[in-house]
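S.K.: Kindly return the folded structure for what I paste below:
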Amino acid sequence: MTETVQAQIRTAGPRPHPAQPEADTARIDTARIEPVEPGRYVSLPELTVDVRGIMGTISGRGEVTEGATVDAAVAFSALLNRYAGEPVTVEVIISKPKRGNVVHRLVADSTLVEQGYSLPSAQPAIIPDARLRLSQGGVGELRIRSRIRTRLLPVSARRALTAQAIRFIRAALASPDTPLAALPGVDEDQLRLQLLNWNDTTRPYPATLPIHELFLRWVSNRPNSVAVADGRNALTYRELYQRAAAVAARLRAGRRRPVGEPVGILLDRSPDAVAALVGASLAGAVSVPLDPAYPKERLRLLMRSQNVRTVVTRAEHVVGIPVEHREILLMEDIAAAPHQKHERLKSHPPTATLMFTSGSTGEPKAVEIAHKGIIRLVCDDTSVDFRPADVVLHNAPLAFDASLLEIWGALGRGARLELAPPGPLSLGELAEVVRGRGITVLWLTAGLFHQLVDHEPGCFVGVRRVYAGGDVVSARHVRALLERFPGLEVANGYGPTENTTFTCCHLMRSKSDLGTGSVPIGRPIGNTRVYLLDPYRQPVPVGVAGELWASGDGLALGYAHRPDLTAEKFVTPLRGPLRGIRMYRTGDLARYRGDGVLEFLGRRDSQVKVNGYRIEPAEVQAAILKLPAVRQCCVVVERDPLGSKRLAAYIVGDGDGEPGSLVKEVRAALLDRLPFFMVPARIQALDSLPLNRNGKVDAALLRRG
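M.R.: From the prediction side, this is the model:
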């Protein structure tokens, strides 16, 4: 028996302004779903979706059986939940439900009301944060209200919702046994566009070689050309090879080291450090770059976590090495030893280096970066167009993944690598290095790029290409630089360490390349693929925010000795359009423009980047809370008076001590335990931490001061 009702799915709020474009609305005049099971069908002669104005609406009027219109309402609410970025409230008002039908069961079963409505099948729909409220309406009336604040969505996202909503609802009604989470959010044409066309990045490159083989080609082709210089001394490609071969010989001498053994490189930025990295690769070792400025306790933690038994260093850094790491190779001794020709190994480990990133549990994670990932980066002719005539600046810390681009990008493409002096430089000192050494290619954190453009723009006079990244790049600064130096190129490079420095890159040669909003992160580089997914790992429509997942040859092998975390972050779906593809979950949000270019939108979790360093505030907070003098703590990122990001810690002491003394005690303790970039620039003692109305620490209030 068929029950005839009227259904309206709508939201409160102002009516859409009549002057708004009709592109934000869609209408199906005769949408009919054929019977999917005996006695169950729906006919919606009028179905309109309108996401204009402050609150979006969907309206329908038709004939249903078994509560199919309620299914349609919940399906649309699930779609909104995917893309709205906030919980969606669904209200169902029904008159005189028949006993035994789906609608009546929904009213009677409080569990379903609390957990989210499921289509009439054995499998529940997954609708996180959606709430259903049911009540009696007038005779013969069924009203369903679904709320979403469309003003929070960009125009492109609203139009994408409009284009997808009707098809999504029809798919939900046509497949009652399919969980709503498993329904695709995009049609076949758009799926093909995103997964295939925009990810068509396959390029030929020597994927099976270890990274030092690219360097050895230039040793043969340009042996007398300068490979590395520091402003005082220079090594040719032949001389650098000889020093690196000496390092490799020492590593292979004595006890028999297994291929792939981790070797610590505890050196400042210097020709010795570059030779040690190349030598470790020649010897079949896995390099573990370590910063001599790290506190001794931090070095002990990093070395112990990866069982580092051998360290290449200089005499002045030996005092910082934990006593249990006794096998120390000094670069002074290696340089004085007679030259030894290196014998190529028959096999090499897949891992080239271990790079540590901050961990939310308080323990750093060692990312296993593969030779293949670095070669895929260096050999990408579009994004890494280093040339033999280029002078490439090496300014990144050795333990930071941007150093892979600088060092191997230069040595793997026959360029000259110019080293900035060790340690952090002032703005004027860095500008003088760029100008005085004739730098043509350099990489800068977004914050440093902005400061140089503001205060030392003249240093870019001889630069051919500047890479900026590690955070959101300002369109105003890019525009100012391009206007001042026609012919200069600015590249916005995006990517986590887990995908080997660059995942995407956007090259800008003129103001027209900037776009209309923020500076885009561009397209995936060669042999790299990206996917924007909703919480159910389904592709999102163009213009809609999704989490960025990376795939391809740049993927790290995982986190060393952390199979649990590796399995959590490096995922291979078993079903759906991406089944069988190994991917890394970046935690970053982005959206596609209509031309396939990606725009970065921010983080979905608490991880932050400050001065290009990826930091988990939870790790800093955990270190502070280990101090007996601290009872409470909150670590946030805020803006300093110049507009740059900085880390700030707000602490509550466990006693009646002076606030100034407590701050000094905490800062001194952190300098002994954490790298300098993880020590908050500002530490402030408070009587108590402010709470919001939900009882949580009000971080926003702390940032406002």
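S.K.: Can you list the low-confidence ranges for this structure?
M.R.: Where the chain drops to pLDDT under 70, the residues are 1-183, 185, 254-256, 324-325, 359-362, 515-517, 606, 691-696, 705.
S.K.: per the record, what domains does it have?
M.R.: 3-183, 616-704 (automatic domain parsing).
S.K.: elements contacting the host helix or strand of residue 367?
M.R.: Here residue 367 sits within strand 365-370, counting by DSSP states H and E. Contacts defined by 3 or more Cβ pairs under 8 Å, 6 or more residues apart in numbering; DSSP states H and E place strand 365-370 against strand 351-357, strand 558-559. No exception for glycine: its C-beta is placed from N, CA and C like everyone else's.
S.K.: Contacts made by it with the rest, please.
M.R.: With contacts defined as Cβ atoms under 8 Å, 6 or more residues apart in numbering, strand 365-370 is touched by 288, 302, 305-306, 350-359, 401, 404, 497-498, 500, 555-562, 565.
S.K.: What is the distance between it and the centre of its chain?
M.R.: Centroid separation between strand 365-370 and its chain, computed with Cα atoms, centre = their mean, to the nearest Å, is 15 Å.
S.K.: Just the CA trace of that strand, in PDB.
M.R.: Extracted as PDB, the C-alpha positions of strand 365-370 are listed here (Å, rounded to 0.1, in the frame of the first residue of the first chain):
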ATOM      1  CA  LYS A 365      59.300   9.900  14.500                       C
ATOM      2  CA  ALA A 366      62.100   8.800  12.100                       C
ATOM      3  CA  VAL A 367      60.900   8.900   8.500                       C
ATOM      4  CA  GLU A 368      62.500   6.400   6.200                       C
ATOM      5  CA  ILE A 369      63.200   8.300   3.000                       C
ATOM      6  CA  ALA A 370      64.000   6.100   0.100                       C
END
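S.K.: follow-up on the earlier one: please work out which of the helices and strands packed on strand 365-370 is packed deepest.
M.R.: For these, the largest average neighbour count (mean count of other Cβ atoms under 10 Å) is found in strand 351-357, namely a mean of 25.
S.K.: sorry, back to before: what comes up buried for the strand holding residue 367?
M.R.: For strand 365-370, burial by neighbour count (16 or more other Cβ atoms under 10 Å) applies to 365, 366, 367, 368, 369, 370.
S.K.: likewise stretch 253-271?
M.R.: Of all the residues in stretch 253-271, those buried under the rule 16+ other Cβ under 10 Å are 257, 261, 262, 263, 264, 265, 266, 267, 268, 269, 270, 271.
S.K.: Stretch 387-401 now?
M.R.: 390, 391, 392, 393, 394, 395, 396, 397, 398, 399, 400, 401.
S.K.: just stretch 297-310 next, same as before
M.R.: The neighbour-count check on stretch 297-310 (16+ other Cβ under 10 Å) flags 298, 299, 300, 301, 302, 303, 305, 306, 308, 309, 310 as buried.
S.K.: And for stretch 603-612?
M.R.: For stretch 603-612, burial by neighbour count (16+ other Cβ under 10 Å) applies to 604, 606, 607, 608, 609, 610, 611, 612.
S.K.: who's in contact with residue 548?
M.R.: When contacts are counted by Cβ under 8 Å, 6+ apart, residue 548 touches 503, 530, 531, 532, 586, 588, 589, 590, 598.
S.K.: which stretch of helix or strand covers the fourth one?
M.R.: Taking DSSP H and E as the criterion, the element that holds residue 532 is strand 528-533.
S.K.: quick one: that strand to chain centroid distance?
M.R.: 11 Å.
S.K.: now what about that strand, what contacts it?
M.R.: By Cβ under 8 Å, 6+ apart, strand 528-533 touches 194-195, 199, 201, 376, 499, 502-504, 524, 539-540, 544-554, 578, 581, 583, 590-592, 598.
S.K.: Now, those that are in helices?
M.R.: Among those, DSSP state H puts residue 376 in helices.
S.K.: how close does the nearest residue to residue 264 once chain neighbours are set aside sit to residue 323?
M.R.: Spatially, and ignoring its direct neighbours in sequence, residue 264 is nearest to residue 311 (3.9 Å; Cβ to Cβ, 6 or more residues apart in numbering). As for residue 311, its distance to residue 323 is 12 Å (criterion: Cβ to Cβ, to the nearest Å).
S.K.: Surely residue 687 is in contact with residue 650?
M.R.: No. Applying Cβ atoms under 8 Å, one finds residue 687 not in contact with residue 650, separated by 10.9 Å.
S.K.: Which one's more surrounded, these two?
M.R.: Using other Cβ atoms under 10 Å as the criterion, residue 687 and residue 650 rank with residue 650 on top: 22 against 7.
S.K.: Report the two of the buried residues of stretch 253-271 separated the most.
M.R.: Farthest pair in these (Cβ to Cβ) is 257 and 269. Separation: 26.2 Å.
S.K.: Just checking: what are the partner strands of the strand holding residue 367?
M.R.: Neighbouring strands of strand 365-370 in its sheet, by DSSP bridges, are strand 351-357 (antiparallel), strand 558-559 (antiparallel).
S.K.: Could you work out which of the ones you listed reaches nearest to residue 331?
M.R.: Closest to residue 331 of the strands paired with strand 365-370 is strand 351-357 (Cβ to Cβ; 18.2 Å).
S.K.: Please list the residues outside that closest one that contact it.
M.R.: Strand 351-357 is contacted by residues 210-211, 260, 262, 277, 281, 286-289, 302, 306, 364-371, 373-374, 399-401, 404, 497-498, 557, 560, 614 when judged by Cβ under 8 Å, 6+ apart.
S.K.: That one: how far from the chain's middle?
M.R.: Its chain's C-alpha centre and that of strand 351-357 lie 17 Å apart, by Cα atoms, centre = their mean.
S.K.: Which helix or strand contains residue 334?
M.R.: Taking DSSP H and E as the criterion, residue 334 maps to helix 331-336.
S.K.: which residues touch residue 407?
M.R.: 274, 277, 394, 417.
S.K.: where does it land in three-state SS?
M.R.: Recorded secondary structure, residue 407: helix (DSSP: H, G, I helix; E, B strand; the rest coil).
S.K.: And it, how close does it get to residue 228?
M.R.: Taking Cβ to Cβ as the measure, residue 407 falls 9 Å from residue 228.
S.K.: same deal with residue 269?
M.R.: Distance from residue 269 to residue 228, by Cβ to Cβ: 11 Å.
S.K.: and for those two, which residues touch both?
M.R.: Taking Cβ under 8 Å, 6+ apart as the contact rule, residue 269 and residue 228 both touch residue 419.
S.K.: returning to what we had before: what touches both of residue 407 and residue 228?
M.R.: Common neighbours of residue 407 and residue 228 (criterion: Cβ under 8 Å, 6+ apart): 274, 417.
S.K.: now the residue nearest to residue 644 when sequence neighbours are not counted, what's its secondary structure?
M.R.: Excluding the flanking residues, the one nearest residue 644 by Cβ to Cβ, 6+ apart is residue 447, at 4.9 Å. Three-state assignment for residue 447 (three-state DSSP): helix.
S.K.: No further questions, thank you.
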